[in-house]
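K.L.:
Requesting a structural model of the entry that follows:
(chains A and B)
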Amino acid sequence: MNEIIIFAVISLTAIGVLSAVVLYFVAQKFKIIEDPRIDLVSEMLPGANCGGCGLAGCRAFAEQLVKSNDLAELNCPVGGAEVMKEVAAILGMEVEEKEPLIAVVRCNGSRINAAQKVIYDGATSCAFAHALGSGESGCPTGCLGLGDCVASCNFDAIYISAETGLPVVSEENCVACGACVKACPRNIIELRKKGKKDRRIFVSCVNTEKGGPARKNCQVACIGCGKCVKVCPFDAITLVNNLAYIDYDKCKLCRKCAPVCPTGAILEINFPLKKEKPADAGTEVENPVTA
Amino acid sequence: MRTFTKGGIHPPEDKLSADKPIEVLPLPAKVIIPLSQSLGAPSKLAVEKGDVVKVGQLIAKGEAFISSNVHASVSGKVTKIEEVMDASGYRRPAVLIDVEGDEWQEDIDRSDEIKMTITASPEEIIRRIYEMGVVGLGGATFPSHVKLRLPEGKKAEYLLINGVECEPYLTADHRVMLERGEEVVTGIRLLMHALKVEKAFIGIENNKPDAIAHLKELCSDTAGIEVIALKVKYPQGGEKQLIKAVTGRETPSGKLPLEVGCVVQNVGTALAVYEAVQKNKPLIDRIVTVTGKKLERPSNLKVRIGTPINELIAYCGGLPADTGKVIGGGPMMGKALYSIDVPVVKGTSGVLIMPGAESKRMAALNCIRCGRCVTVCPMGLEPILLAQLSENLLLERAEKERIMDCIECGSCQYTCPAGRPLLDFIRMGKNKTGIMIRNRGKK
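P.N.:
From the prediction side, this is the model:
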């Protein structure tokens, strides 16, 4: 009886020691040397894995940060300048502060502005409805309101307004990861600079049709008249394919363009009411679509 | 009785206009002729604003390999060349002509005489089909001459003529077979000559016994053409389903019918081929079924291409008060029209007016995994899986599950007891998978 126990103990010990030796050499041979800074950096990151930086998750972004020599091209939109500063400190590099961005819905074709002409009865998917036809209002570039952007958002930052049928971006929650921009089949959503005191001016329309057909489907469509281009003192507005576009890098938020727009396609967000022309500016600001 | 083996459904036939002879719709006041009327590249404009055109004059030339010519269907003045709303609501370039008189080009044979003798060589037949802008009139509008130009080293064995008309409500092909039988048979002989095949089959579902009997009688003295009566089952008019039903051959996944030695053409196309080759007449009109349960006079009309659909409806008694949807095509594969101002195009096989209640979809409920969609899929796919993969954009998986084989017949959605929009998602997934596959080649 004793013999069996002793024999078992000895043989098992021998196997254990042998395996330990083998494993030791194997571990030495296949050792992975990982930069310890990757762990430090990834601890700093928000951990949302949203892909807003353009990489597959926060860990991948941390690896990329440690690898690169220059942080100019890399930015975590969720963490913003604060996180990037801390990351730069760990890596011993400088980082320029980037202005925060926010998603902006460039369509104001609400149920009031763009009357419903047909009834859509298909699958609740903008991508499908877009392939099928021009949508309920008839505008071939307008928002379909079926919520592909809402489904794509990881931050609860966009919802469809029951009143207008258009997506509304929540200013507190939006981290400008760009998921909704990719999800929208009509390229309506754009990331724009949040602006000083959250004030923004943009053309809330992406319709490239000529004035007549565009206006027929929607009261607040950009008709490509070019009045805003002429009035802009900073050359910030360009007119391509019957559609005006305000470059947010050049725009100084002077608010000259919005009052001249004959259809009210230029939206001003978070501005105080103008005193000279309270009627015009008032309707713009009070418009249910705020961003 | 022959039919295809996999899946299939049998929706109510509702062929309301089956016994209505083809009537000629009076000329409209103006026509809208879209420039792109076939699959493939858009055609290139050949007229200018202000030009006076005759019936049959070329107005857009198909220059790419897969594209087709478009001809003026009326005589008159080109008033506008602009983007006009099509059936989907998007704007596409079109030529607008104000009708003045009915002046035809001199070289078109307008007599009633039926020319049975074939004098043209195979190359000439194919050239004429291309010049006259003949496209597949079954609905897919694939340019017919492309199907007839066989690639090097490939040989066709059979010509299959699709007289199935498996879509409920539609009767245009049925009437064509009954009233224009001789011309259809001559068209088939022309196609056989062009393809250099010895054998042609005409597949007809046995809910059209009069058409089967009529064509059998006409073909009795023509060697090589055989009329096959098929069991009624949707979607027998699908190319691959028809091949399976008639010849028993299975077309491999992702391959063309030529792989199994078959070329399929519609009976309407055979008639257009006859007119193009024997009569020198371009494809400027087609037979359209205008039907609906509430419509006063369901009819089969011979309509010039470009006629606004509201004129067809007005001719048949006007739009009924209780109208939910107006569908271009049949109830299974047709699409709801965005507006009834849109024109009849080469692919318009029918105009179906659905009553309000019938046109509504039921609210989508949860999938109960009953597997009916899998049972009815004529391509042997798993529609619920494909719909879910598409909805979640798992396109690589969807490609492996053969999403590109889907013929979009809608049997799955028709049969789904939970009313799930299966085909909607599959169509979207197919679209996106197609883009993904095309982009893959570029990198």
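
K.L.:
What about residue A:3? Give its phi and psi, please.
P.N.:
phi -60, psi -40 (degrees, to the nearest 10).

K.L.:
I meant residue B:195, not that one.
P.N.:
Dihedral pair for residue B:195: phi -90, psi -10, per degrees, to the nearest 10.

K.L.:
And the one 5 residues further on, by the same measure?
P.N.:
With angles defined as degrees, to the nearest 10, residue B:200 shows backbone torsions of phi -130, psi 140.

K.L.:
Go ahead and confirm it touches residue B:162.
P.N.:
No: Residue B:200 is beyond contact range of residue B:162, at 11.5 Å (criterion: CB atoms under 8 Å). Backbone N, C-alpha and C define where each C-beta goes, glycine included.

K.L.:
more crowded one of the two?
P.N.:
Higher neighbour count among residue B:200 and residue B:162: residue B:162, with 27 against 24, using other CB atoms under 10 Å in any protein chain shown.

K.L.:
Show the contacting residues for the closest residue to that one other than its chain neighbours.
P.N.:
Leaving aside its sequence neighbours, residue B:162 sits nearest to residue B:266 (CB to CB, 6 or more residues apart in numbering or on different chains; 4.8 Å). Residue B:266 sits next to B:136, B:137, B:138, B:161, B:162, B:163, B:173 when contact means CB atoms under 8 Å, 6 or more residues apart in numbering or on different chains.

K.L.:
What residues does residue A:41 make contact with?
P.N.:
Contacts for residue A:41 (CB under 8 Å, 6+ apart) come out as A:62, A:65, A:66, A:87, A:90, A:91.

K.L.:
Can you say which helix or strand has the third one in it?
P.N.:
Using DSSP states H and E, residue A:66 falls within helix A:58-67.

K.L.:
quick one: the helices in chain A?
P.N.:
A:2-29, A:36-44, A:58-67, A:80-91, A:126-132, A:148-152, A:179-183, A:211-217, A:227-231, A:257-260, A:278-286 (DSSP state H).

K.L.:
Adding mean pLDDT, write those helices out as CSV.
P.N.:
Formatted as CSV, the helices of chain A follow (pLDDT from 0 to 100):
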stretch, mean pLDDT
helix A:2-29, 94
helix A:36-44, 88
helix A:58-67, 89
helix A:80-91, 86
helix A:126-132, 90
helix A:148-152, 93
helix A:179-183, 92
helix A:211-217, 88
helix A:227-231, 92
helix A:257-260, 91
helix A:278-286, 45
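
K.L.:
closest to residue B:29 out of those?
P.N.:
Smallest distance to residue B:29 across the helices of chain A (CB to CB): 22.2 Å, for helix A:211-217.

K.L.:
List phi and psi for residue B:23.
P.N.:
Torsion angles, degrees, to the nearest 10, at residue B:23: phi -110, psi 150.

K.L.:
Point out the residues in chain B that sit beside chain A.
P.N.:
For chain B, the residues in contact with chain A (CB under 8 Å from any CB of the partner chain) are B:83, B:85, B:88-91, B:335-336, B:338-339, B:360-361, B:391, B:421, B:424-425, B:427-428, B:431-432.

K.L.:
Please check those and keep the buried ones.
P.N.:
Buried by 16 or more other CB atoms under 10 Å in any protein chain shown: B:85, B:88-91, B:336, B:338-339, B:391, B:421, B:424-425, B:427-428, B:431-432, out of the residues of chain B next to chain A.

K.L.:
Which ones among the residues you listed lie within strands?
P.N.:
B:85, B:91, B:336 (DSSP state E).

K.L.:
Looking at those, which one is closest to residue B:218?
P.N.:
Proximity of those to residue B:218 was ranked by CB to CB; the top entry is residue B:336 with 37.6 Å.

K.L.:
Quick check: the closest one touching residue B:327?
P.N.:
Yes: counting by CB under 8 Å, residue B:327 is a contact partner of residue B:336 at 5.5 Å.

K.L.:
circling back: and of the helices of chain A, who's closest to residue B:125?
P.N.:
Across the helices of chain A, residue B:125 has its closest neighbour in helix A:126-132 (36.8 Å, CB to CB).

K.L.:
Now for chain B, the helix or strand with the poorest mean pLDDT.
P.N.:
When each helix and strand of chain B is scored by mean pLDDT, DSSP states H and E, helix B:356-359 comes last, with a mean of 86.

K.L.:
Let me see the contact set for the most centrally placed residue in chain A.
P.N.:
Computing the C-alpha centroid of chain A and ranking residues by CA atoms, centre = their mean puts residue A:178 first, at 2.5 Å. Residue A:178 makes contact with A:52, A:77, A:103, A:191, according to CB under 8 Å, 6+ apart.

K.L.:
The same query, at a cut-off of 7 Å, please.
P.N.:
Residues counted as contacts of residue A:178 (CB atoms under 7 Å, 6 or more residues apart in numbering or on different chains) are A:52, A:191.

K.L.:
What's the separation between it and residue B:71?
P.N.:
Here residue A:178 is placed at a distance of 48 Å from residue B:71 (CB to CB, to the nearest Å).

K.L.:
What pLDDT is listed against residue B:364?
P.N.:
Residue B:364 is assigned a predicted lDDT (pLDDT) of 89.

K.L.:
quick one, phi psi at it?
P.N.:
When read as degrees, to the nearest 10, the backbone of residue B:364 gives phi -70, psi 130.

K.L.:
Isn't it up against residue B:416?
P.N.:
No: applying CB atoms under 7 Å, one finds residue B:364 not in contact with residue B:416, separated by 8.8 Å.
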